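> Kindly return the folded structure for what I paste below:
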Amino acid sequence: MFDSGVPFESFPAPGSDGLAQQSPIFAGAPSGAQRQKTLKSAISCTGVGLHSGAKVTMSLRPAAPDTGIVFRRTDITGGGAIIPALWSNVSDTRLNTSISNSKGVGVHTIEHLMAALAGMGVDNVFVDINGPEVPVMDGSSAPFLFLIECAGLTEQHAPRRAIRILKRVQVVDGDRRATLTPGSSFSLRVEIDFPVEAIGRQECYLPLTASSFKEEVSRARTFGFEREVAAMHAAGLGKGGTLDNAVVIANDGEKVLNEGGLRYEDEFVRHKTLDAVGDLALAGAPIIGHFHGVRSGHAINNRLLRALFADRGAWTMVPLGDAEVQASAIFAARRPLVAAISA
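Got it, this is the predicted structure:
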């Protein structure tokens, strides 16, 4: 999260391994303000990295207010092992979102874990990991959400802050674009269009709440194409990918190779929405506004955050109150969350 008493210019610069310092500036928060949350207890898991294929153990641990989400490489000694999960620390967006610090120490494929933490409203956590990549688990956020639920959540004596979007910010790259606009709560609309029968054109609208994240997108798995596997391996990517942790589209583009098929009819766009939740969580605080992504991915999502914070008139920090949560719940009740559109 952002340091509540420090101007934006004092936040860690790109590649920085600095941590936010606590400040009592919001100690007198207005009635109805939400409190920050962390885990009640530590919890661990073991798995393999999607791209590295290496076995890794990861532990989620409680953290003090205003810590934010901070990765700690337990296989590396010294201060160089600390990497705050911030947009300014994103160092690679090839088929995943990676962060690194000024020492060049990084963690790859953080987006599914970040999405689970954001979806469940977790503000402060230390992520201790003994390797360079978050375990892929089943390719979705569901296993991480399960870990969070098992550990439990506890409120802290510090109010939550949010980034309120004040004006439209957009990044365009060919036929891809990502936009943030003002809104009363955080919602996402994601559109994808693949020229294969198994996917086609799909659209997802998600007003983000803990329940909507869990029910509508948390189980959506990462996906790829059978024809791209060899090229990915040659590039040092996808070495840990299997049909147990990814949806794979056959060479003919007409079907998926996974024996159990899809978890949702439109699992592809739901996963892209999950990715967007995780990528935007790197803002460092919840967003009050609307995200619209058209053929968007990790790279353009990060470019959008960089464009947002480059324009000091486009956002402001505010205490996050119950009204924003109620607005999300109302939207979720009134509108269908997901709509699939055939090609």
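> from here on, contacts and neighbour counts on C-alpha atoms
Will do.
> what's the span of stretch 302-318 from first residue to last?
22 Å (C-alpha to C-alpha, to the nearest Å).
> now that stretch: how far from the chain's centre is it?
17 Å (C-alpha atoms, centre = their mean, to the nearest Å).
> List the buried residues of that stretch.
Buried positions in stretch 302-318, judged by neighbour count with 16 or more other C-alpha atoms under 10 Å: 302-305, 308-309, 314-315, 317.
> shaky segments in the stretch 201-343 of the chain?
322-343 (pLDDT under 70).
> which residues sit against the helix or strand where Arg61 lies?
If you go by DSSP states H and E, Arg61 is part of strand 55-62. For strand 55-62, the surrounding residues in contact (C-alpha atoms under 8 Å, 6 or more residues apart in numbering) are 38-49, 124-131, 133-135.
> Out of the buried residues of stretch 302-318, name the ones that lie in helices.
302-305, 308-309 (DSSP state H).
> Could you find the residue nearest the spatial middle of this structure?
What sits nearest the mean C-alpha location of the chain, by C-alpha atoms, centre = their mean, is Gly278, with 0.7 Å.
> So that one sits against Met120, correct?
No. The criterion here is C-alpha atoms under 8 Å, and Gly278 misses it with Met120 at 11.5 Å.
> Overlap of the contact sets of the two?
By C-alpha under 8 Å, 6+ apart, no residue touches both Gly278 and Met120.
> check contacts around Phe146.
Per C-alpha under 8 Å, 6+ apart, neighbours of Phe146: none.
> any idea which element it lies in?
Assigned by DSSP H and E, Phe146 falls in helix 142-151.
> Show me the strands paired with the following helix or strand past that helix, marking each as parallel or antiparallel.
Using DSSP H and E, the next helix or strand after helix 142-151 towards the C-terminus is strand 153-159. Sheet pairing here is set by DSSP bridges, and for strand 153-159 it gives strand 35-39 (antiparallel).
> buried residues in the strand it pairs with?
So, applying 16+ other C-alpha under 10 Å, buried residues of strand 35-39: 35-39.
> Keeping just the C-alphas, turn the strand holding Arg61 into PDB.
In PDB, the C-alpha atoms belonging to strand 55-62 read as follows (Å, rounded to 0.1, in the frame of the first residue of the first chain):
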ATOM      1  CA  LYS A  55      10.000 -26.800  -7.500                       C
ATOM      2  CA  VAL A  56       9.400 -23.900  -5.000                       C
ATOM      3  CA  THR A  57       8.000 -23.500  -1.500                       C
ATOM      4  CA  MET A  58       6.000 -20.300  -0.700                       C
ATOM      5  CA  SER A  59       4.700 -19.000   2.600                       C
ATOM      6  CA  LEU A  60       2.200 -16.200   3.200                       C
ATOM      7  CA  ARG A  61       2.800 -14.400   6.500                       C
ATOM      8  CA  PRO A  62       1.000 -11.600   8.400                       C
END
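> just the angle between the next helix or strand after that strand and strand 35-39, please?
Using DSSP H and E, the helix or strand that follows strand 55-62 in sequence is strand 69-73. Strand 69-73 runs at 30 degrees relative to strand 35-39, counting by axes from the mean of the first three to the mean of the last three C-alpha atoms, to 10 degrees.
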